[in-house]
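Enquirer: Next input, structure requested:
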Amino acid sequence: TNCTDIHAEAIREYGLTPDDVHDSYHLFMATRVDGTMPTIVHQNTQPGEHVELLAHVDLLAVPNVCGSDVQFTSNFSIDPVRITVITASDADVGTVPALPVYRTQRTSREFRQPSIRSERRLCRDEAYVASFTNVPLSTTVV
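Expert: Got it, this is the predicted structure:
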């Protein structure tokens, strides 16, 4: 099992493929680049530490804790992660600084294909049955 396969299986419920979405975004995987090679290092987040994300548009978020990741990336343990989704208040949204506009940033008017597909609403496949690799997980004390 790997993060990409788990992500692909989770979005399949909505008829999406990995080509429809970006790569996994690893919030807690600690990596360093030593010379030219990325290296995974001991992950040092502590229980209770958290990340808050504010979505400015409707989105499909896939929390992905690499399933059989009992290796260095997870400090050799599988620990639960709590996900909380809340609706931001107007006051919360008001605290967000304006997004920067970069000199090199292009708009849709500058694209060769200026029409961005906006009609693709996500619809769950009611017949979807999850088929993740190595599920259900089990642990054995050694």
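Enquirer: Pull the contacting residues for N44.
Expert: By C-beta atoms under 8 Å, 6 or more residues apart in numbering, the contact list for N44 reads A30. Quick note: C-beta positions are derived from backbone N, CA and C, even for glycine.
Enquirer: Tell me how far it lies from F76.
Expert: 14 Å (C-beta to C-beta, to the nearest Å).
Enquirer: Over to R121?
Expert: 42 Å.
Enquirer: neighbour-wise, which of these two wins?
Expert: It is F76, of R121 and F76, that has more neighbours when counted by other C-beta atoms under 10 Å, with 10 against 7.
Enquirer: Local confidence estimate at the more buried one?
Expert: Per-residue pLDDT puts F76 at 77.
Enquirer: what comes up buried for the longest helix belonging to the chain?
Expert: For the chain, the helix with the greatest residue count under DSSP state H is helix 3-12. Buried residues in helix 3-12, counted by 16 or more other C-beta atoms under 10 Å: 3, 6-11.
Enquirer: Show residues contacting it.
Expert: 17-18, 20-21, 23-24, 26, 60, 62, 64, 66-67, 125, 128, 130-133.
Enquirer: taking those one by one, which sit in strands?
Expert: Among the contacts of helix 3-12, DSSP state E puts none in strands.
Enquirer: re the thing from before, show the subsequent helix or strand relative to the longest helix of the chain.
Expert: Next in sequence after helix 3-12, counting helices and strands by DSSP states H and E, comes strand 31-34.
Enquirer: Sheet partners, orientation included, of that following strand?
Expert: The pairing partners recorded for strand 31-34 under DSSP bridges are strand 37-40 (antiparallel).
Enquirer: Please state the offset of the partner strand from the chain centre?
Expert: With C-alpha atoms, centre = their mean, to the nearest Å as the basis, strand 37-40 stands 20 Å off its chain's centre.
Enquirer: coming back round to it: avg pLDDT for the longest helix of the chain?
Expert: 84.
Enquirer: just to revisit the earlier point, need the buried residues of helix 3-12 in JSON lines with distance to S89, can you?
Expert: Formatted as JSON lines, these follow (distance: C-beta to C-beta, whole Å):
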{"residue": "C3", "distance to S89": "32"}
{"residue": "I6", "distance to S89": "32"}
{"residue": "H7", "distance to S89": "30"}
{"residue": "A8", "distance to S89": "35"}
{"residue": "E9", "distance to S89": "34"}
{"residue": "A10", "distance to S89": "29"}
{"residue": "I11", "distance to S89": "29"}
